[in-house]
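[1] The sequence and its predicted three-dimensional model are supplied below.
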Amino acid sequence: MFSLVEAFRQPREWYPSDEDHVNENVTCIGPDDEDFWRGDYVRISGRLTGQVCPSSFLTATDGTVKGSTARDIWMGEGNEEGMLVGIPKEIKDNESRVSTTPAGVTEYVTHGHKVIVERSAGMGSGFHDSEYEAAGAEMIDSHAGVFARADMIVKVKEPIASEYGLMRDGQILYTYLHLAAEEALTHALIDRNVTAVAYETVELPNRSLPLLTPMSEVAGRMSIQVGAHYLQKTHGGRGLLLGGVPGVLPANVVIVGGGVVGTSAAQMALGLGANVTILDISVDRLRFLDLVLHGRINTLASNRQNLAESLRDCDLLIGGVLIPGAKAPKLVTAEMVASMPDGAVIVDVAIDQGGCIETVKPTTHSDPTFVVDGVVHYCVTNMPGAVPRTSTFALSNVTLPYGVFLAEHGVNAFSLDPALAKGLNVFKGKVTYPAVADAFGLEHAALETVL
Ligand SMILES: NC(=O)c1ccc[n+]([C@@H]2O[C@H](COP(=O)([O-])OP(=O)(O)OC[C@H]3O[C@@H](n4cnc5c(N)ncnc54)[C@H](O)[C@@H]3O)[C@@H](O)[C@H]2O)c1
């Protein structure tokens, strides 16, 4: 790899395009016009970044970049060994988590990387800018600036539409993506040639999803808390206490999908004294749940008839089904929802994958519920965002080791770690995760062909 200064010592041809390619090694990531002004960032080989010095500007005329001497560039950022890691503030509705704690910053810095953190990114989770600075991060004011400068963006939630234009060619994006339910984002990642690593599809050989687990634990536990809240008459529910009282039957909680969400929900519901039924297609999973929960739950094989029957007297339905990387199957029909008692509550945790109930649509923390056929629906796609401090610690506990590995090895990390390779959803303008390609009828590129 050559250095930034060498790249600009010689006049270079410039081929202006939407992506601002100067040539295959040099990209202007500053302005759209033909001049690189003071403070604009220039990038070499996708890794090194420098800034045009205050007293200079580089200009392209007649297809040649002029004024390009070593003095024009300030080698302010990055180096050949380290990665410039960017931590933007989450801007999705009511999302207060942050991808990396100050302790996480220390980890990146100790491994020789630089970290830029958007000012106040950690505030929602109770981390002050001064804690990040003390950990070695540079705080910057601009959200767009984090995307413009960082080699690797580490986020919590998928970019929202206003962020699509900020993602850059070759940039690594390491975050939850849920692409099978995000067609526009999938196309943005393809078009912008982003290296997109989805937390939720990083998969260990035993098929477990280590970066999804902690958020599923949070959302599963929360689903019962939320369900109990909306079952109250004052919040639109049928006026039931989950555990009942002596002499009065407890509420019926039905959980579809006995994975991490389902198990965590069951533990909480049992703790509150509810009558709990779990449906799953895996009998092995039901066997396991029966064992670890000491037979205190009802287990049922998941099929149409069992679902229909158990929903007729269900007070609280939790959706926790997952087919990894794919859109969730709509197991609960509108007819089954209509058969539920008036004032019953549905919490479809699987909504981030499209939801497993026919009547659901995504909602937000600021407007979390709607009613269909007298049944209150809660379908917030980022439930853990409501308990950001717990969630941020839980998330960064598991994402940090992979993040440091990615920073260390760049795209080679995918060849070195098969679990991380499973997380790669879009690479070099191609969809590399089969279920995402299937969801939108796009061509799937096998990893071996693109790495
Ligand atoms: N809304 C949120 O804020 C939020 C937060 C965390 C997780 N989630 C989502 O919750 C969902 C569940 O996550 P998880 O970690 O529990 O997944 P998991 O893989 O641990 O569990 C999924 C379970 O669904 C079962 N299943 C598959 N098909 C089924 C069917 N036809 N009938 C019944 N069960 C079926 C599987 O056997 C498995 O036990 C995912 O979509 C995840 O993205 C949402």
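    Here it is on my side, so go on. Not measured: the values here are computed from a predicted model.
[2] tell me the phi and psi of the closest residue to the ligand within the chain?
    Here the chain gets closest to the ligand at one residue, residue 259, 1.7 Å apart by CB to the nearest ligand atom. All C-beta atoms are positioned from the backbone trio N, CA, C, and that covers glycine. As for residue 259, its main-chain torsions (degrees, to the nearest 10) stand at phi -80, psi -140.
[3] Kindly report the same for the one 5 residues further on.
    With angles defined as degrees, to the nearest 10, residue 264 shows backbone torsions of phi -70, psi -40.
[4] how many neighbours does the nearest residue to it once chain neighbours are set aside have?
    Spatial nearest neighbour of residue 264, chain neighbours left out: residue 220 (2.9 Å); criterion: CB to CB, 6 or more residues apart in numbering. Neighbourhood size, residue 220 [other CB atoms under 10 Å]: 27.
[5] so residue 220, which of the three states?
    What DSSP: H, G, I helix; E, B strand; the rest coil gives for residue 220 is helix.
[6] Pull the contacting residues for the residue of the chain closest to the ligand.
    By CB atoms under 8 Å, 6 or more residues apart in numbering, residue 259 lies in contact with 216, 280, 285, 320, 321, 322.
[7] How about residue 359?
    By CB under 8 Å, 6+ apart, the contact list for residue 359 reads 334, 337, 346, 372, 373, 375, 377.
[8] Quick one, grab the pLDDT at the fifth one.
    Confidence at residue 373, expressed as pLDDT, is 98.
[9] Looking at this structure, which residue reaches furthest from the middle?
    In terms of distance from the mean C-alpha position of the chain, residue 247 ranks first, at 45.2 Å (CA atoms, centre = their mean).
[10] tell me the domain boundaries of this protein?
    4-77, 84-193+392-450, 213-386 (automatic domain parsing).
[11] low pLDDT regions in the stretch 201-350 of the chain?
    In the predicted model of the stretch 201-350 of the chain, no residue satisfies pLDDT under 70.
[12] One more pass at 90, please.
    Regions of the stretch 201-350 of the chain meeting the criterion pLDDT under 90 cover residues 207-208, 323-327.
[13] Spell out the residue ranges of the strands in it.
    Assigned by DSSP state E, counting those that start in this stretch, the strands in the stretch 201-350 of the chain fall at 252-256, 275-280, 298-301, 316-319, 345-348.
[14] Next, the residues that contact the third one from outside, please.
    Looking back up the chat, that one is strand 298-301. 258, 275-281, 283, 286, 289-290, 306, 310.
[15] Buried ones among the residues you listed?
    Taking 16 or more other CB atoms under 10 Å as the criterion, what is buried in those is 258, 275, 276, 277, 278, 279, 280, 281, 286, 289, 290, 310.
[16] Pull the most distant pair out of those.
    Distance extremes for the buried ones among the contacts of strand 298-301: the farthest pair is 275 and 281 at 22.1 Å, using CB to CB.
[17] Hmm, residue 272 is touching residue 244, no?
    No. Contact between residue 272 and residue 244 fails when scored by CB atoms under 8 Å: they sit 9.9 Å apart.
[18] who does the residue nearest to residue 155 when sequence neighbours are not counted bridge with?
    Leaving aside its chain neighbours, residue 155 sits nearest to residue 175 (3.6 Å; criterion: CB to CB, 6+ apart). With DSSP bridges applied, residue 175 shows beta-bridge pairing to residue 198.
[19] residues near residue 175, how many?
    Using other CB under 10 Å, residue 175 has 22 neighbouring residues.
[20] what do you get for residue 138?
    Per other CB under 10 Å, the neighbour tally for residue 138 reads 13.
[21] Could you pull up the contacting residues of it?
    Counting by CB under 8 Å, 6+ apart, residue 138 has contacts 114, 115, 116, 117.
[22] near the ligand, which residues of the stretch 51-200 of the chain show up?
    Within the stretch 51-200 of the chain, the residues that sit near the ligand (CB under 6 Å from any ligand atom) are residue 200.
[23] quick one, helices of the stretch 51-200 of the chain?
    Here the stretch 51-200 of the chain has its helices, by DSSP state H, counting those that start in this stretch, at 102-110, 129-134, 143-149, 161-164, 183-191.
[24] In CSV: these, plus distance to residue 86 and mean neighbour count.
    Shown next, in CSV, are those (distance: least, CB to CB, whole Å; neighbours: other CB atoms under 10 Å):
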stretch, distance to residue 86, mean neighbour count
helix 102-110, 11, 20
helix 129-134, 12, 16
helix 143-149, 4, 19
helix 161-164, 12, 14
helix 183-191, 16, 18
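[25] Out of those, which is closest to residue 296?
    Set against residue 296 and scored by CB to CB, the helices of the stretch 51-200 of the chain come closest in helix 102-110, at 37.6 Å.
[26] Residues contacting that closest one, please?
    Residues from elsewhere that reach helix 102-110 (CB under 8 Å, 6+ apart): 85, 87, 100, 114-115, 117, 122, 127, 131-132, 134-137, 396, 400, 403-404, 407.
[27] Any of those residues buried? List them.
    85, 87, 100, 114-115, 117, 122, 127, 132, 135-137, 396, 400, 403-404, 407.
[28] Just the ones of the residues you listed in strands?
    Members of the buried ones among the contacts of helix 102-110 lying in strands (criterion: DSSP state E): 85, 87, 114, 115, 117.
[29] Tell me how far the closest residue to the first one other than its chain neighbours lies from residue 167.
    Which is residue 85. Of all residues not flanking residue 85 in the chain, residue 115 sits nearest, at 4.8 Å (CB to CB, 6+ apart). Residue 115 sits 19 Å away from residue 167, going by CB to CB, to the nearest Å.
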